[in-house]
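**Q** model this:
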Amino acid sequence: MKARAAVVTRPGRVELHEVDVPEPRGREVLVKTEACGICMGEVHTFTGKPKPTYPALIGHEGVGTVAAVGDQAVALKPGDRVTTLGWPVLAEYYRTVEDQAARLPPGVAKPWLWISEPVACAVNGVRGANVEVGDDVCIVGCGYMGLLLLQALPRSYMGTLIAVDIDDEKLILAKRFGAEVTLNPRRSDALKETLAVLGRRADVVFEAAGVPGTISLATGLTRNGGKLVIFGYHVDDEVVPTSEWHVRGLHVLNTAPQFSPDFTREFQTAAKLMRRGVFNQEPLVTHLFSFDQAQEALEVAQLRPRGYIKGAIRFAA
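**A** Alright, predicted model coming up:
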């Protein structure tokens, strides 16, 4: 069958092209898209980092309705509404495999709030960090991904949770999602404030900003022998304090999706937690666009104007 898909044809340009979408086979499912989140990975492709090949199909945060299933599918049927892993999904229809699709609860009116791949990344980050009973935890960067991490943390048995960001509005959300202490490095010394609160540095520090300089900041907030978790995507190479990591005996983890031995498990866990109400994306998805506005959506996501946290594209019913 034919369907329109968003294609980055060159840096700064997105076009809607008609593409072939093969019928599902085996345990594959064909999904009619209802919504798709805009990841910073797509923004990097849009801006030409790190040297993508054009034309490039994009999108991997899809939600939709099962239109057809392969002859070996057992768990899903046409008409089921699902949140998925898959690529490329910024299209009217896309395919994925049955294990990477999970049913939505009945009556979902805002499918863009059921984007699950980023939630799976947060689950992977927390599981990979192995936060232990009583650990004091700090999250550096309270954008979309940092705020998902905050919601994923095991608050019932942790110690103190500190959130660090240069945007006070995001810190307000961090407080709403469980941070006991919020710090803005533009107004105060984050290390001194952390030492004043904890009496020492944090056991686990998640670097979730993905911008130059935040790895060094997160390093400084981590106690000797503690865990520094690089969760943010640093698309540009940068100098990091490897000497300090060595001398202070830090456990440096890189909890990107490939860190997980089974990312499908992280996805299915994320979907279960979402159905239980663990995650609230209502205040996080701040900008909505139609499919025909794909160019504008990527431009806004690149600029990230004040108030922007996460953008999503919704498709006509």
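
**Q** ranges for the helices of the stretch 51-200 of the chain?
**A** 117-129, 144-152, 168-176, 190-198 (DSSP state H, counting those that start in this stretch).

**Q** got the contact list for the residue nearest the centre of the chain?
**A** Nearest to the mean C-alpha position of the chain, by Cα atoms, centre = their mean, lies P118 at 2.9 Å. Counting by Cβ atoms under 8 Å, 6 or more residues apart in numbering, P118 touches 37, 39, 61, 144-145, 148. (Glycine included, C-beta is placed from N, CA and C.)

**Q** can I assume G232 is in contact with G213?
**A** No. Contact criterion Cβ atoms under 8 Å: G232 and G213 do not qualify, at 11.4 Å.

**Q** who's more crowded, the two?
**A** Set G232 next to G213 and count neighbours by other Cβ atoms under 10 Å: G232 wins out with 23 against 10.

**Q** ok, that one - contacts?
**A** G232 neighbours (Cβ under 8 Å, 6+ apart): 141, 145, 207-211, 214.

**Q** again with I230
**A** Counting by Cβ under 8 Å, 6+ apart, I230 touches 207, 215, 218, 252-255.

**Q** same thing but at 6 Å, please
**A** 207, 254 (Cβ atoms under 6 Å, 6 or more residues apart in numbering).

**Q** so what does it look like in phi/psi?
**A** phi -90, psi 100 (degrees, to the nearest 10).

**Q** for it, give the beta-bridge partners.
**A** I230 has these beta-bridge partners by DSSP bridges: E207, N254.

**Q** pull up the gap between it and V181, please.
**A** Going from I230 to V181 by Cβ to Cβ, to the nearest Å gives 22 Å.

**Q** same question, T33
**A** 40 Å.

**Q** R95 now?
**A** Relative to V181, and taking Cβ to Cβ, R95 is found at 45 Å.

**Q** what about the residue nearest to the centre of the chain, distance to R155?
**A** For P118 relative to R155 (Cβ to Cβ), the value is 20 Å.

**Q** got it, and G307?
**A** As for G307, its distance to R155 is 27 Å (criterion: Cβ to Cβ).

**Q** which one of these two has more residues nearby?
**A** Using other Cβ under 10 Å, the more surrounded residue of G307 and R155 is R155, with 15 against 9.

**Q** break the chain down into its domains, please.
**A** 2-115+281-314, 119-259 (automatic domain parsing).

**Q** where is the longest strand in the chain?
**A** strand 28-38 (DSSP state E).

**Q** and the angle for it with helix 144-152?
**A** 110 degrees (axes from the mean of the first three to the mean of the last three Cα atoms, to 10 degrees).

**Q** and the helix or strand that strand 28-38 is followed by, what does it pack onto?
**A** With elements assigned by DSSP states H and E, the helix or strand that comes after strand 28-38 is helix 40-47. Where contact means 3 or more Cβ pairs under 6 Å, 6 or more residues apart in numbering; DSSP states H and E, helix 40-47 is packed against helix 294-303.
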